[in-house]
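Undergrad: when you get a sec, could you give me coordinates for this:
(chains A and B)
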Amino acid sequence: MTTKALGAVIAAMAVLVGGLAAQAQGPIRIGASLSLTGTYAKLGRNQHEGYKLCEKDLNATGGLLGRKVEFVVYDDQSTPATAVRLYEKLITEDMVDGVMGPYSSPVTEASANVTEKYKKVMVAPLAATTSIFKRPPDKKRYYVFMVISPAEVYLEGLIDMAAKRGLKTVAVVNEDTLFSKAAAAGAVDIAKKKGMQVVFQEAYPKGNTDFAALLTKVKSLNPDVVAAATYFDDAVALTRQMRELDVSPKAYGVTVGGDLPEFYDTLKANAEYVYGATQWEHVLPYPGNHEFFGAYKKEFGHEPSYHSAAGYAGCLIYAEAVKRAGTLDADRVREQLLKLEMRTVFGDYKVDQDGFQVAHRMVTFQWQEGKKVVVWPDEMAPAKPRFPTPPWNQR
Amino acid sequence: MNVFVTPAMLAQVVVSGILSGALYAMVALGLALIFGVMRIINVAHGPLLMLGAYTTYFLYSALGLNPYLTVPVSMLALFAVGVLLERTLVFRVVDAPELSSLLLTFGISIALVNLAQLLFTSDLRSVEYLTGSWVVGPVALSKPRLVAFVFAGALTGLAFLFLRRTKLGKAIRATSQSREVAMVCGIDVQRIHLITFGLAAALAAAGGALIAMIVAIQPEMGQTWTFKSFLVIVLGGAGNYPGALLGGILLGLIEQVASLFLTTQLSEVVAYVLLVVVLLVRPTGLLGGRET
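TA: All right, here's what the predicted structure looks like:
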């Protein structure tokens, strides 16, 4: 804690000194508020490390517009209200040259109001909620840009694989929160489009860990596919209780939580065959991905998560747009960001007129012998899914 | 998308409801004890349960102890924590207005959760020991939940025996009925408060230890249990100990049966609507409040 406080003080002093000495050739300062403590601390810190590595790489290759790049980062303690205050401060007091997005959808949603007000371009690398970008015309946001895939397509891989293999019926369950609801609604849409029948859909409250009644209903309908829009606790509890109640669909997938190593550590053999979705894996054949993985591990002593990669890529995307615009002017950078098509370590970037991500692809993996094996989409998948999932008593 | 409910499905959820109900009852009994004896609403009950879960986790992962053997150890450890909390903090608010005790235990609750985040981090942990189920006819009995049910039943039974039969238990009940008369009869009320708080923390710890084998362990796992325990003791009658048992089983059944016929989301609505109805129609709880 003390080192962090010290860091903040030093950062603040650096900002002050930097502000006083602000000359045309001083560094380009990019401000961001990140969840360095609180609920999202672990993920927010990974994103921060992504920014830091990007800063280092940019400076190693001559900086931006001939100037060095310097991140000014504050801790919003995972709360949207604090982030709002911090972006105000970054823009009005610290007078940063540009901003980058915070961690999570709720914090981005709140912060975007500030960056919009001051007409600052904000590439928001870790906001997956469609409604931040797709808004009614009178409330349109002009300066916020999406990097990761939206919640609605998290279960696309599972449904697509199932449909291609001739499965007909789907049960969709989800936690009743913003992200999971969107993921479930997306899954229902995709299933219908692919001619599958959604035989069951039910939401459960956040924090629910007892699924006996819900799964009893699912079991009575015997669906081919169970698609669950989850976080971690519920993903684990659902999987355990599916085994207990002997619910055996031919394919079963979860959204968030399933990609954490803890998912397998907790469930061990019961996690086998379970499908999960992820924004990024280090094995994916994106340009520079392998090198990014190595450099990150060397720099920070642990493996990057998709939050790290998205943070890194988001920063590079912003830098590329600035380079092409040849200026930090928000409207001209915005123009470039709307036009830009770029492939980074995180995959493809391209947005529509709302700044909504349309090119980045989710990948679906399956737990096979304790490893996450990417099985979808086909062109990026090194392996085939183990299909169909056998009944519990035959595993 | 309506599901046709068969008797087998109903049997399944009734069994599941009773299994989780016993856990609710045991944990809520602790809350009922503190309320009955000290007239304190202990908001920190859930976080104490969380500490019990962590105790089990560390004993299991570091020492390789059988997690079921850790239940008494967790209980002892949290008994000590409970006694410590009572001696240093809680005793100060026993006779204070109700708001003081609420604020204090709320503070303790926040402190415990944040301490756990600091010491144990927010990483999710689990005790994967017993998985799968035993199938009896149309009903699947979850192994960890069934064992937890047996433990909870036994511990609740022991707690009742202790309250009914032992001298100390009688002293606790006497204090709960009237502190002044108990004091006049020569009961050391301070000591009774200390033991009650420790006992309640131990019951929460037992719940935590058993839940650790069912769901993921993390610093914020306790709060929902505080709410559920409240619900249970209000349903059963605050300060009425057998009421906690009835309330617990009832809550387990309501949650499951309502989830079956309605949705999992609405089951919470049903439980809390029932809470309001009970408060309106029978404010002393289904079995009546504490004896006066």
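Undergrad: which bits of the stretch 1-150 of chain A sit near chain B?
TA: Residues of the stretch 1-150 of chain A found near chain B (Cβ under 8 Å from any Cβ of the partner chain) are A:Thr39, A:Ala41, A:Lys42. Every residue, glycine included, has its C-beta placed from N, CA and C.
Undergrad: out of these, which end up buried?
TA: Neighbour counting over these (16 or more other Cβ atoms under 10 Å in any protein chain shown) leaves A:Ala41 as the buried ones.
Undergrad: so can I have TSV of the residues of the stretch 1-150 of chain A next to chain B showing pLDDT?
TA: Listed next are the residues of the stretch 1-150 of chain A next to chain B as TSV, based on pLDDT from 0 to 100:
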residue	pLDDT
A:Thr39	72
A:Ala41	81
A:Lys42	80
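Undergrad: nearest to A:Lys250, of the residues of the stretch 1-150 of chain A next to chain B?
TA: Minimum separation from A:Lys250 among the residues of the stretch 1-150 of chain A next to chain B (Cβ to Cβ) is found for A:Lys42, which lies at 34.2 Å.
Undergrad: ok, back up a step: nearest to B:Ile172, of the residues of the stretch 1-150 of chain A next to chain B?
TA: Lowest distance from B:Ile172 to these (Cβ to Cβ) belongs to A:Thr39, with 39.3 Å.
Undergrad: still on that earlier bit, now the residues of the stretch 1-150 of chain A next to chain B in a markdown table, with secondary structure?
TA: Below are those laid out as a markdown table (DSSP: H, G, I helix; E, B strand; the rest coil):
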| residue | secondary structure |
| --- | --- |
| A:Thr39 | coil |
| A:Ala41 | helix |
| A:Lys42 | helix |
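Undergrad: hey, where'd the helices end up in the chain?
TA: I'll assume chain A. Under the criterion DSSP state H, chain A contains helices at A:2-20, A:41-60, A:80-92, A:105-117, A:156-164, A:178-193, A:212-221, A:232-244, A:261-267, A:289-300, A:306-325, A:330-339.
Undergrad: chain B was what I was after
TA: Using DSSP H, the helices of chain B run over residues B:7-38, B:45-63, B:70-88, B:98-120, B:143-165, B:167-177, B:179-184, B:189-211, B:223-236, B:241-261, B:264-281.
Undergrad: as TSV, the ones you listed with distance to chain A and mean neighbour count would be great.
TA: Converted to TSV, the helices of chain B look like this (distance: least, Cβ to the nearest Cβ, whole Å; neighbours: other Cβ atoms under 10 Å in any protein chain shown):
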stretch	distance to chain A	mean neighbour count
helix B:7-38	4	24
helix B:45-63	11	24
helix B:70-88	18	20
helix B:98-120	9	16
helix B:143-165	7	18
helix B:167-177	32	18
helix B:179-184	37	14
helix B:189-211	9	26
helix B:223-236	5	24
helix B:241-261	3	24
helix B:264-281	4	15
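Undergrad: which one of those lies closest to A:Glu320?
TA: Closest to A:Glu320 of the helices of chain B, according to Cβ to Cβ: helix B:98-120, at 38.1 Å.
Undergrad: same question for the closest one, mean pLDDT?
TA: For helix B:98-120, the mean pLDDT works out to 93.
Undergrad: ok, and what's touching that helix?
TA: Residues from elsewhere that reach helix B:98-120, judged by Cβ atoms under 8 Å, 6 or more residues apart in numbering or on different chains: B:39-44, B:46-48, B:50-51, B:54, B:85, B:89-90, B:92-94, B:219-220, B:222-223, B:226.
Undergrad: below-threshold pLDDT in chain A: ranges please.
TA: Under the criterion pLDDT under 70, the flagged ranges of chain A are A:1-24.
Undergrad: find the residue at the geometric middle of it.
TA: A:Leu126 (4.7 Å; Cα atoms, centre = their mean).
Undergrad: enumerate every residue touching the residue nearest to that residue when sequence neighbours are not counted.
TA: Once flanking residues are discounted, A:Leu126 sits nearest to A:Tyr103: 5.1 Å by Cβ to Cβ, 6 or more residues apart in numbering or on different chains. When contacts are counted by Cβ under 8 Å, 6+ apart, A:Tyr103 touches A:Leu34, A:Ser35, A:Tyr40, A:Leu43, A:Gly44, A:Gln47, A:Ser78, A:Leu126, A:His307.
Undergrad: again, but for A:Thr389
TA: Shown in contact with A:Thr389 (Cβ under 8 Å, 6+ apart): A:Ser248, A:Pro249, A:Lys250, A:Ala251, A:Tyr252, A:Tyr273.
Undergrad: so what's the second one up against?
TA: Under the criterion of Cβ under 8 Å, 6+ apart, the contact partners of A:Pro249 comprise A:Ala171, A:Pro223, A:Asp224, A:Val225, A:Val226, A:Thr389.
Undergrad: again, only using 7 Å
TA: Applying Cβ atoms under 7 Å, 6 or more residues apart in numbering or on different chains to A:Pro249 gives the contacts A:Pro223, A:Asp224, A:Val225, A:Val226, A:Thr389.
Undergrad: next, count neighbours for A:Ile148.
TA: A count of nearby residues for A:Ile148, using other Cβ atoms under 10 Å in any protein chain shown, gives 24.
Undergrad: measure it to A:Gly347 for me?
TA: 9 Å (Cβ to Cβ, to the nearest Å).
Undergrad: anything in contact with each of the two?
TA: Common neighbours of A:Ile148 and A:Gly347 (criterion: Cβ under 7 Å, 6+ apart): A:His360.
Undergrad: residues touching A:Val170, list them.
TA: With contact set as Cβ under 7 Å, 6+ apart, A:Val170 has these partners: A:Ile159, A:Ala191, A:Met196, A:Val198, A:Val199, A:Pro223, A:Val225, A:Ala227.
Undergrad: pretty sure the fifth one contacts A:Leu221?
TA: Yes: here A:Val199 lies in contact with A:Leu221, judged by Cβ atoms under 7 Å, at a distance of 5.0 Å.
Undergrad: what touches both of those two?
TA: Contact criterion Cβ under 7 Å, 6+ apart; residues shared by A:Val199 and A:Leu221: A:Ala171.
Undergrad: more neighbours: these two, which one.
TA: Comparing A:Val199 with A:Leu221 by other Cβ under 10 Å, the one with more neighbours is A:Val199, at 18 against 14.
Undergrad: ok, now how distant is the more buried one from A:Ala271?
TA: A:Val199 sits at a distance of 25 Å from A:Ala271 (criterion: Cβ to Cβ).
Undergrad: where does chain B have low pLDDT?
TA: Confidence mapping of chain B against pLDDT under 70 gives the ranges B:1-2, B:239, B:288-292.
Undergrad: same thing but 50
TA: Residues of chain B that meet the criterion pLDDT under 50 lie in B:291-292.
Undergrad: coming back round to it: which one of the helices of chain A lies closest to A:Glu281?
TA: A:Glu281 lies closest to helix A:306-325 among these, at 7.8 Å (Cβ to Cβ).
Undergrad: can you tell me what sits against that closest one?
TA: A:43, A:46-47, A:49-51, A:53-54, A:58, A:64-65, A:98, A:100-101, A:123, A:125-126, A:147-148, A:278-280, A:292, A:296, A:328, A:332-333, A:336-337, A:340, A:342, A:344-346, A:349.
Undergrad: of those, select the buried ones using a PyMOL command.
TA: To isolate the buried ones among these in PyMOL, judged by 16+ other Cβ under 10 Å, type:
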select buried, chain A and resi 43+46+47+49+50+51+53+54+58+64+98+100+101+123+125+126+147+148+278+279+280+292+296+328+332+333+336+337+340+342+344+345+346+349
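Undergrad: where does the stretch 251-395 of chain A come near chain B, residue by residue?
TA: Within the stretch 251-395 of chain A, the positions adjacent to chain B are A:Glu262, A:Thr266, A:Lys268, A:Asn270 by Cβ under 7 Å from any Cβ of the partner chain.
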